[in-house]
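Visitor: Any chance you could fold what I've pasted below:
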Amino acid sequence: MRDRKLIEFAKQMRREQTEPETRLWLELRAARFQGIKFRRQKVIGPYIADFSSREPMLVIEIDGDTHAGQEAYDRARTAYFEEQGYRVIRFTNRDVLTNMDGVLEQLASFLTPPLPTLSPEGERAL
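Guide: Residues are numbered from 1 along each chain as shown. Modelled structure (predicted):
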């Protein structure tokens, strides 16, 4: 069963987004980024992810000043999201506010699957 208080808090957070969240949301909303449908302030288990998508399974976190001193909590959240099958990427408020192009570039490279590696002999013969 979903926690009603957590859902209400997520709704409040959507109404009161921070400046970095608003700026990144403008880049992500309406499947603008690589056709991926993102949700903001999404309740996932006992936590609220800043942004998430189901395909691919991804959580984007924006860390502001309020994250200083709560590194253990952030590690626990990340571990929980990863246990649920999500990949997690984090950006700082400063990154989003001063280098949006770099943030989007890093996000794109995070989503690009690695190229397969070939053995030194090349492809295997069947």
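Visitor: Next up, identify which helix or strand the residue nearest to the spatial centre of the chain is on.
Guide: With distances taken as CA atoms, centre = their mean, Ile60 lies nearest the centre of the chain, 1.2 Å away. According to DSSP states H and E, Ile60 maps onto strand 58-63.
Visitor: Check Thr78 too.
Guide: Element membership for Thr78 (DSSP H and E) is helix 71-83.
Visitor: CA atoms of that helix as CSV?
Guide: The C-alpha coordinates for helix 71-83 follow below in CSV (Å, rounded to 0.1, in the frame of the first residue of the first chain):
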residue,chain,number,x,y,z
GLU,A,71,25.5,11.4,2.7
ALA,A,72,24.5,8.2,4.5
TYR,A,73,20.8,8.9,3.8
ASP,A,74,21.6,9.6,0.1
ARG,A,75,23.6,6.3,-0.1
ALA,A,76,20.6,4.4,1.4
ARG,A,77,18.2,6.0,-1.1
THR,A,78,20.5,5.2,-4.0
ALA,A,79,20.9,1.6,-2.8
TYR,A,80,17.1,1.2,-2.5
PHE,A,81,16.5,2.6,-6.0
GLU,A,82,19.2,0.3,-7.4
GLU,A,83,17.6,-2.7,-5.6
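Visitor: Buried residues, it. List them.
Guide: Within helix 71-83, the residues scored as buried using 16 or more other CB atoms under 10 Å are Arg77, Thr78, Tyr80, Phe81. Where you see a C-beta, it was placed from the backbone N, CA and C, and this is true even at glycine.
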